[in-house]
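# this one's sequence-less:
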Ligand SMILES: CCCCCCCCCCCCCCCCCCCCCC(=O)SCCNC(=O)CCNC(=O)[C@H](O)C(C)(C)COP(=O)(O)OP(=O)(O)OC[C@H]1O[C@@H](n2cnc3c(N)ncnc32)[C@H](O)[C@@H]1OP(=O)(O)O
Ligand SMILES: NC(=O)C1=CN([C@@H]2O[C@H](COP(=O)(O)OP(=O)(O)OC[C@H]3O[C@@H](n4cnc5c(N)ncnc54)[C@H](OP(=O)(O)O)[C@@H]3O)[C@@H](O)[C@H]2O)C=CC1
């Protein structure tokens, strides 16, 4: 019998960020392994013209929840969506809902955050810091609360090289920043942001660090743990391999490379690619929820959910495997044949951006314009290059994260729990994982049918022929111009002909 699964039985669980990437996998695993849990409260905002109920139904009826619908047919009744906006005071939760949450909640998983790297500092502080503070305040009024689990990121201290499972202080107190945001106007925030952020590369990592400080300072008597995942990727094993549903992190890059837009990227091939599958993160999260509630550690424990020190893989190896998977499983509607490489040289990067990214996009836009269609490729390419520039920081460095607490927790689990809630990343076979990842991007993110693979391969052959034709024509024109202007070139030409 799994102790962790049994622990969540009969519990009322509150999840923020439940509609996000991690949140969905968390609900799925909870419902599948503990179908007798009492209720999962999820704080959701209406979005893109969808009501709360529509958003929840979309999640429950998705492919990800296929197994849950079998194991727990009344899953609809288990999930109770509560209208909430974490940017508002008291999260804009109605009085009745708030009363229910305060009196019933046993466990909180706080996943909600803005993960955009370039969010305005005011907005990032609001969601990643102030909302965390408010949630802690709510938690302090919950008599039945057993554990509060905060999801942070392994990159909250990416300004350091070696990171231990401790909270590092930021130079300015989060409370001061929260207060200042109320009276600073946007112009002042823009001016002061770089000074506040110091050596943090973006508002996301900086505000996640502030969020951790808030957790530490406002924890009071609460039973709290913090989880720091690195770059969260597609599912490894559960509920099935390769599930992914957004363009964040490596996902967008895999799409861009597979469709032939991305040809070169500034990266250190030997830098550690600290990817961690989303189901591994969720297994650790559930184990931490159990451990924190049952063993009540004296201090707030931090758990690194990273792969680099246990089972390292570098960007070079990962990139090669991604490209070789495209050979077997190509994406549809490719712009060019997938062929990308990593380069560390700045001049080469500028050259490749001009020749391999911008020039083909411009040529294609001219073609669209000549055929009476709206040019769009240059815009898309500029967006891609901007995204790459934001990710570059993370693919040109390596970090070392210590994982004592995570390893301690692993040893505390029964063999049954180690199997059901497996977060031992040493068992991960990278080549197999990456192949499933690329396949998952194709199937679940791009929603492409596997039956279309022969057609996609044919399309790539056509692109290859166009490429050869284009290069031949280009070479002939260049040679012709050279012959017209250079005696040496003419002599070489006559010699070859003769
Ligand atoms: C051998 C070579 C082989 C090569 C093969 C390749 C190998 C693979 C390995 C490669 C190395 C991987 C490195 C990973 C490093 C990750 C580090 C993470 C570390 C921290 C982890 C964390 O702790 S936390 C999660 C991370 N947090 C994000 O990762 C958010 C990032 N992100 C943004 O911060 C915003 O995204 C940002 C960028 C500002 C733009 O912002 P922006 O406003 O310009 O654009 P938007 O994002 O709003 O997107 C506007 C519209 O473009 C659409 N779109 C977006 N990308 C698209 C795309 N690639 N292809 C098509 N379409 C795309 C989108 O779907 C929207 O479409 P629509 O308008 O229709 O809705
Ligand atoms: N993905 C990754 O690579 C990593 C993620 N993390 C951390 O994991 C956590 C989850 O990330 P992930 O699932 O990827 O992020 P997503 O962007 O997929 O999900 C964010 C969630 O937060 C919710 N949210 C955002 N703003 C509000 C708001 N104002 N009110 C209510 N809900 C809101 C979103 O709701 P809505 O659907 O309405 O937008 C969504 O459910 C974050 O704390 C992140 O820092 C850490 C390391 C890596």
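Ah, there it is. Note that this is a predicted model, so its numbers are computed, not measured. Ligands and ions are numbered 1, 2, ... in the order given.
# For this protein, just list every one of the strands.
In the chain, the strands defined using DSSP state E lie at 12-16, 39-44, 79-83, 107-110, 147-151, 162-163, 224-229, 231-233, 264-266, 275-277, 301-305, 341-343, 400-401.
# The last one pairs with which strands?
If you go by DSSP bridges, strand 400-401 pairs up with strand 162-163 (parallel).
# What's the mean pLDDT across the partner strand?
Averaged across strand 162-163, pLDDT comes to 96.
# do stretch 280-288 as well
With pLDDT averaged residue by residue, stretch 280-288 scores 98.
# Need the residues that contact that stretch.
Contacts to stretch 280-288, defined as CB atoms under 8 Å, 6 or more residues apart in numbering, come from residues 4, 8, 22, 25-26, 29-30, 33, 109, 149, 151, 225, 227, 229, 232, 236, 301, 303, 305, 406, 409, 413, 417, 420-423, 425, 428. C-beta: built from backbone N, CA, C; applies to glycine.
# Close to ligand 1: what parts of the stretch 151-300 of the chain are there?
Within reach of ligand 1 by CB under 6 Å from any ligand atom, the stretch 151-300 of the chain has these residues: 153, 155, 231, 247-250, 252-257.
# Got a ChimeraX select line for the buried ones in these?
The buried subset of these, as determined by 16 or more other CB atoms under 10 Å, is captured in ChimeraX by this line:
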select :153,155,231,248,249,250,252,253,254,255,256,257
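# Between the residues of the stretch 151-300 of the chain next to ligand 1, which sits nearest ligand 2?
Using CB to the nearest ligand atom, residue 153 is the member of these that lies nearest ligand 2, at 3.7 Å.
# so who does the spatially closest residue to that closest one that is not a sequence neighbour touch?
By the measure of CB to CB, 6 or more residues apart in numbering, the closest residue to residue 153 outside its immediate chain neighbours is residue 208, 5.0 Å from it. With CB under 8 Å, 6+ apart as the criterion, the residues that contact residue 208 are 113, 128, 152-153, 155-156.
# and with 6 Å instead?
Residue 208 makes contact with 128, 152-153, 156 under the criterion CB atoms under 6 Å, 6 or more residues apart in numbering.
# Break this structure down into its domains, please.
3-241+273-311+399-423, 456-498 (automatic domain parsing).
# now the ones you listed as CSV including distance to ligand 2?
As requested, the domains of the chain are exported to CSV (distance: least, CB to the nearest ligand atom, whole Å):
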stretch, distance to ligand 2
domain 3-241+273-311+399-423, 2
domain 456-498, 28
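# Out of these, which one sits most buried?
Among those, domain 3-241+273-311+399-423 has the highest mean neighbour count (mean count of other CB atoms under 10 Å), at a mean of 19.
# What distance do you get for the closest residue in space to residue 237 that isn't next to it in sequence to ligand 1?
Distance criterion CB to CB, 6+ apart; nearest residue to residue 237, sequence neighbours excluded, is residue 279 at 6.0 Å. Summarising the geometry, the distance separating residue 279 from ligand 1, computed by CB to the nearest ligand atom, to the nearest Å, is 16 Å.
# Do I have it right that residue 279 meets residue 239?
No. Using CB atoms under 6 Å, residue 279 is not in contact with residue 239, being 8.0 Å away.
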